[in-house]
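[1] okay, here's the prediction I keep looking at, along with the sequence it came from:
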Amino acid sequence: MQDTPPSVPDFTQWPSFPFEGDLRVKQLDDPVPVEPPRKGEGLRECTACGAPDEAYIWVSERWRVRAMDRPTGLPMVLILESRSHLDLGDLPNLLAAELGVMTVRLERAIRSLDDVARVHVNRWGDGSAHLHMWFLARPLGRLQLRGTFLPLWDSILPPISEAQWRENLALVAAWLAEFGGRPLAEPPRIQWQAPSSLTDAAPATSERADEEAASVIEAAAEIPEPASGSEPDAAPESTTLGTSATEHTGQRQGDVLEAPADRGEVAPPAGTPRVAASGTARSTDS
């Protein structure tokens, strides 16, 4: 007699569940005796360790922050990584304490963006043995996106404009740089030239309009490797923001992140101006 498939759980009826219609639960596979190695384990190369600083939006002596390779459906998706090849449970006390400070700083930096209501912080570790924490911004007023299904909605929503995405990245990088480190994300260049004809005035179509948007779910770092068979070539985990290494050469600023005991604050005091992407100052109270 065939096994009766389990019933569909109640969360499929939640308003935040992104799908509707007839659903059924997959049969659970048998457990494997030995789990496959993650990236950075055994003989598998760690793409995070091999990525240059120019692939990130902000770097310091012990931490780096990177983005997806192109805009997604959410206002911001960022990944906090340690420089050292360590997983979460391997962090020494200093880095463990700094991880808490960095988590609060990055959450506040993302939440300072316009139209961001909440920032979800997630840690998955099935794809890579190198510590990486996900930060996902939920758009303001989008109550249907509340809760645990936000990564799924990131794959469904249309991607935001690349100009807005780059401006958001530059703002977050500048916010983090108030506490040290080096910002690498740059705002989009302003098009000063007027169109030569009405035809040219039409909005330009994004070069990636026909491409499927990247997302948290589709990120290579979070897709577990097959339990058996040949392993596919993994896509590079690091991403670039359209800038070359030569554009970021020059003297490095102070990269040392203060330990929590040395500097307790995690956000600039209210009313302190911060640098916007356009180069003007704006208050944190706005």
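    Looks like it arrived, so ask away.
[2] and Arg108, how far is that from Pro6?
    Distance, Arg108 to Pro6, by CB to CB, to the nearest Å: 41 Å. Every C-beta, even on glycine, is put in place using the N, C-alpha and C of the backbone.
[3] settle it for me: which of the two has more neighbours?
    For the pair Arg108 and Pro6, the greater number of neighbours falls to Arg108 (16 against 11), based on other CB atoms under 10 Å.
[4] mean confidence score for the helix or strand the more buried one falls within?
    When secondary structure is defined by DSSP states H and E, Arg108 falls within helix 93-111. Throughout helix 93-111, pLDDT has a mean value of 97.
[5] tell me what it is packed against?
    strand 63-67, strand 77-82, strand 116-122, strand 132-139, helix 162-177 (3 or more CB pairs under 8 Å, 6 or more residues apart in numbering; DSSP states H and E).
[6] out of these, which is closest to Arg24?
    The closest of these to Arg24 is strand 116-122. By CB to CB, the value is 26.7 Å.
[7] neighbouring strands - and their directions - for that closest one?
    Within its sheet, strand 116-122 is paired with strand 132-139 (antiparallel), according to DSSP bridges.
[8] tilt between the partner strand and strand 77-82?
    160 degrees (axes from the mean of the first three to the mean of the last three CA atoms, to 10 degrees).
[9] can you name the next helix or strand after strand 132-139?
    Per DSSP H and E, strand 132-139 leads on to helix 150-156 as the next helix or strand towards the C-terminus.
[10] list the helices and strands that next one packs on?
    Judged by 3+ CB pairs under 8 Å, 6+ apart, helix 150-156 is in contact with strand 132-139.
[11] below-threshold pLDDT in this protein: ranges please.
    1-5, 190-215, 217-286 (pLDDT under 70).
[12] about what we covered before: Serialize the helices and strands packed on helix 93-111 to CSV and add fields for mean neighbour count and distance to Cys46.
    As requested, these are exported to CSV (neighbours: other CB atoms under 10 Å; distance: least, CB to CB, whole Å):
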stretch, mean neighbour count, distance to Cys46
strand 63-67, 26, 13
strand 77-82, 23, 11
strand 116-122, 17, 20
strand 132-139, 21, 11
helix 162-177, 22, 24
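[13] can you redo those as JSON lines with distance to Thr47?
    Shown next, in JSON lines, are those (distance: least, CB to CB, whole Å):
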{"stretch": "strand 63-67", "distance to Thr47": "11"}
{"stretch": "strand 77-82", "distance to Thr47": "11"}
{"stretch": "strand 116-122", "distance to Thr47": "19"}
{"stretch": "strand 132-139", "distance to Thr47": "11"}
{"stretch": "helix 162-177", "distance to Thr47": "20"}
